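In: sharing a model prediction with you, sequence too.
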Amino acid sequence: MRQPPPPQPDGTVLYAEDHCGLRWPLLSQAILWPPLLVVSLVLVVITRNPDLSFLLAITLLGTWFGIIAVTVNRPTGIRVTTDGICVGGIRRAHRHAHERKHPQALPPASAQRTQLFCCPWPAIQHLEVITDRTEVRKLAKTRHNDGLLPLGKLWAPFMKAALVIQVDLRHATVPEFRPPDTRRYWFKVSRPGAFAISPVWFAPTRHPAALRTALTERNEPVPRRPG
């Protein structure tokens, strides 16, 4: 079933956080590994010592991880407004609001951090900012569910705090993604995987105290976990 595109965050902005998945440990991966790769390459070329090739392999792998991780997690943002909460590719959604994509050009579910997930306040059943490391690790373990990619769980490496939202999917709006490809390929990463819409969303935050303050200063009470 084709869903309408996610609405832009409307209402008065109470809290805005862009690039919320880019903590300094992750950024350091993208900044430090490329110079180390260059140094390793120079050492291998100058010394002509094949025993140093492992340094080149390690720094190449580190550079690849750093660049990919920053690129994938950079779009994630949070908007808390008087109308509701949106997480995901906030800025990107604004830039591409008027684009009309052909169904074949839909993004794969693995690109969900570039898309926008929105929920109005009446449809938010539970809301909290988690900073406990044990709870954060539990969230990280739920980002895959029996081979399905849960939509709305925007995990990021080195995440230490998260905004967790339990939503009523009948009123929440999620973006449309490319259907999973069931054909067999020799390179599995090349095909879109299966996914399912999750009723619990979360997004990393670098400023949990400020986010908590913005949520408690709302005119309406913040939904709490029953019991």
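Out: Structure's in. What do you need?
In: next up, the contacts around His207.
Out: Going by CB atoms under 8 Å, 6 or more residues apart in numbering, His207 touches Glu17. Placement of C-beta: from N, CA and C, glycine included.
In: now do it against Gly88, distance only.
Out: For His207, the distance to Gly88 (CB to CB, to the nearest Å) stands at 18 Å.
In: likewise Arg48?
Out: For Arg48, the distance to Gly88 (CB to CB) stands at 49 Å.
In: same deal with Trp155?
Out: Applying CB to CB to Trp155 and Gly88 gives a distance of 13 Å.
In: how many residues are close by the residue nearest to Ala16 when sequence neighbours are not counted?
Out: Distances taken as CB to CB, 6 or more residues apart in numbering place Arg79 nearest to Ala16, at 5.7 Å, with adjacent residues excluded. Per other CB atoms under 10 Å, the neighbour tally for Arg79 reads 24.
In: other SSEs contacting the host helix or strand of Arg79?
Out: In this structure, Arg79 sits in strand 76-81 according to DSSP states H and E. Judged by 3 or more CB pairs under 8 Å, 6 or more residues apart in numbering; DSSP states H and E, strand 76-81 is in contact with strand 13-17, strand 84-89, helix 90-95, strand 195-204, helix 208-216.
In: quick check: which of these is buried the most?
Out: strand 84-89 (a mean of 25; mean count of other CB atoms under 10 Å).
In: for that strand, name the packing helices and strands.
Out: Strand 84-89 packs on strand 76-81, strand 116-120, strand 124-130, strand 162-167, strand 195-204, going by 3+ CB pairs under 8 Å, 6+ apart.
In: out of the helices and strands in the chain, which is least certain?
Out: Lowest by mean pLDDT, DSSP states H and E among the helices and strands of the chain is helix 90-95, with a mean of 73.
In: picking that back up, just send the helices and strands packed on strand 76-81 back as CSV, with distance to Trp33 too.
Out: Formatted as CSV, those follow (distance: least, CB to CB, whole Å):
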stretch, distance to Trp33
strand 13-17, 26
strand 84-89, 25
helix 90-95, 26
strand 195-204, 21
helix 208-216, 28
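In: for Val70, which of the ones you listed is the nearest?
Out: strand 195-204 (13.4 Å; CB to CB).
In: thought Gln112 was touching Pro150?
Out: No. Gln112 is beyond contact range of Pro150, at 9.3 Å (criterion: CB atoms under 8 Å).
In: longest helix in this protein, please.
Out: helix 24-47 (DSSP state H).
In: buried residues of that one, list them for me.
Out: By 16 or more other CB atoms under 10 Å, the buried positions in helix 24-47 come out as Leu26, Leu27, Gln29, Ala30, Trp33, Pro34, Leu36, Leu37, Ser40, Val44.
In: now stretch 129-145: average pLDDT?
Out: For stretch 129-145, mean pLDDT rounds to 89.
In: start at 499 instead
Out: Sounds good: first residue 499 from here, last item stretch 627-643.
In: end to end, how far does that stretch reach?
Out: With CA to CA, to the nearest Å applied, stretch 627-643 spans 22 Å between its terminal residues.
In: domain-wise, how is the protein divided?
Out: According to automatic domain parsing, the chain comprises the domains 511-519+573-714, 522-569.
In: pLDDT of the last one, averaged?
Out: Per-residue confidence for domain 522-569 averages out to 88 on the pLDDT scale.
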